[in-house]
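> Turn this into a structure:
(one chain, ligands or ions: 1)
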Amino acid sequence: MSDLDRYAVLGQPVGHSKSPRIHAAFAASLGQKLLYEAYEIAPDELGPSLSRFHAEGWAGFNLTVPHKQVGAALCESRSEAAEQAGAVNTLIRTATGWHGDNTDGAGLVRDLTANLGVAIKGKRVLVLGAGGAARGILVPLLAEGPAELAISNRNPWKPEEIAAALKPHGNIVPRTHLSLKGDRYDLIINATSAGHSGAIPRLPPKLFADGGIAYDLNYGQAAVPFMVWAKSEGAAQVSDGLGMLVEQAAEAFQRWRGVRPATAAVLAELRG
Ligand code: ATR
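Okay, here's the model as predicted:
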């Protein structure tokens, strides 16, 4: 491993990305030297860019919106987590191409269990949304042993398709938002993109069990509508996804550099 290994996050838009700051802080905390940048890449440029970056000797990439799914298809090989998610957020250089991994689910579980003290085992868990973000977290959540894991969307087709595809990994209950009326969950995770347009999914009231917890995979402004709704619905604890962002980055750093950086100081700095 050279002292000047080069990494970047590729997305569109990517200007707002906190990843360069996070990885620079990880490297500094471990006394490592690396370069980590952010590049805006259009969707049809991803394939040619990855080939060029490989030829130029880059060590690894993070992929963010809108590249995670197409990026998976461009990888020469994929981890189990990437196959299950149907998406990659971390590319690791190999001699001949890129190995794709997905650390989003591991990052979420780590934030919930280690940072927020939320046990998933034995809990009734509901994931809202059935796009790429939702799919990426389901198998890691199942692995924690929830009493029930449900996935809900505006219409039934995507949840049914995802539950069927992930059946070998465990039972996922496909639902629609409106059919949730009368049910109660201990943990409700917002994996929709509605917050980016200031909205939340239309949901029945009283979905939180006593002591129920709300978690939004988004952070910043995009997490606000769901967190406000969750508080008004009596959630005992609400959190945005900033901790997941830092934890998925730590997982990626570990894949690239062989050591998992401590995350608490970086998370505190970003919150500050
Ligand atoms: P991502 O990669 O972020 O998951 P995506 O694959 O486009 O993005 O999925 C977006 C998810 O947010 C979907 O579940 C979408 O619901 P539909 O499948 O019904 O479109 C959900 N979503 C987006 N805007 C929403 C809104 N205003 N209300 C409810 N759900 C919304």
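> From here on, just use CA atoms for contacts and neighbour counts.
OK.
> buried ones in the helix or strand containing Asp186?
Asp186 belongs to strand 185-190 when assigned by DSSP states H and E. Under the neighbour-count criterion of 16 or more other CA atoms under 10 Å, strand 185-190 has Tyr185, Asp186, Leu187, Ile188, Ile189, Asn190 buried.
> Tell me which other helices or strands it touches.
Packing contacts for strand 185-190, counted by 3 or more CA pairs under 8 Å, 6 or more residues apart in numbering; DSSP states H and E, involve strand 124-128, strand 208-216.
> Closest one of the buried residues of strand 185-190 to the ligand?
In terms of CA to the nearest ligand atom, no member of these lies closer to the ligand than Asn190, at 8.8 Å.
> Looks like that closest one contacts Gly131 (just checking).
No - at 11.3 Å, Asn190 and Gly131 do not qualify as touching, with contact defined as CA atoms under 8 Å.
> Not counting sequence-adjacent ones, nearest residue to the residue nearest the centre of the chain?
In the chain, the C-alpha nearest the mean C-alpha coordinate belongs to Asp104, at 3.3 Å (CA atoms, centre = their mean). Of all residues not flanking Asp104 in the chain, Gln248 sits nearest, at 5.2 Å (CA to CA, 6 or more residues apart in numbering).
> In contact with the one you found, which residues?
If you count contacts by CA atoms under 8 Å, 6 or more residues apart in numbering, Gln248 has them with Thr103, Asp104, Gly105, Ala106, Gly107, Leu108.
> okay, the residues you listed in TSV with distance to the ligand and pLDDT next?
TSV is the format used below for the contacts of Gln248 (distance: CA to the nearest ligand atom, whole Å; pLDDT from 0 to 100):
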residue	distance to the ligand	pLDDT
Thr103	15	98
Asp104	12	98
Gly105	13	98
Ala106	16	98
Gly107	16	98
Leu108	14	98
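> residue ranges of the helices in the stretch 101-250 of the chain, please?
Using DSSP state H, counting those that start in this stretch, the helices of the stretch 101-250 of the chain run over 104-110, 132-142, 157-165, 224-232, 242-257.
> so what does the fourth one touch, helix or strand wise?
It stands for helix 224-232. Counting by 3+ CA pairs under 8 Å, 6+ apart, helix 224-232 packs on strand 208-216, strand 237-239.
> Nearest to the ligand among those would be which one?
strand 208-216 (11.6 Å).
> And the contacts of that closest one?
By CA under 8 Å, 6+ apart, strand 208-216 touches 184-191, 223, 226-227, 230, 233-241.
> ok, which residues in this structure are in contact with the ligand?
129-134, 153-154, 192-194, 199-201 (CA under 6 Å from any ligand atom).
> quick check, nearest of those residues to Pro66?
Nearest to Pro66, judged by CA to CA, of the residues of the chain next to the ligand is Gly132 at 10.0 Å.
> pretty sure Ala133 is in contact with Asn218, am I right?
No - when contacts are counted by CA under 8 Å, Ala133 is not listed as touching Asn218 (9.9 Å).
> Grab the nearest non-local neighbour of Val70.
Nearest to Val70 is Ala87, by CA to CA, 6+ apart, at 7.6 Å.
> which ones are touching that neighbour?
If you count contacts by CA under 8 Å, 6+ apart, Ala87 has them with Lys68, Gln69, Val70, Gly71, Ala72, Asn102, Gly132, Gly136.
> was I right about the second one contacting Thr90?
No - using CA under 8 Å, Gln69 and Thr90 do not qualify as a contacting pair, with a distance of 11.6 Å.
> Those two: which has the busier surroundings?
Ranked by neighbour count (other CA atoms under 10 Å), Gln69 and Thr90 place Thr90 first, with 30 against 18.
> What does the pLDDT read for the more buried one?
On pLDDT, Thr90 comes in at 98.
> Can you list phi and psi of it for me?
When quoted as degrees, to the nearest 10, the phi and psi of Thr90 stand at phi -140, psi 130.
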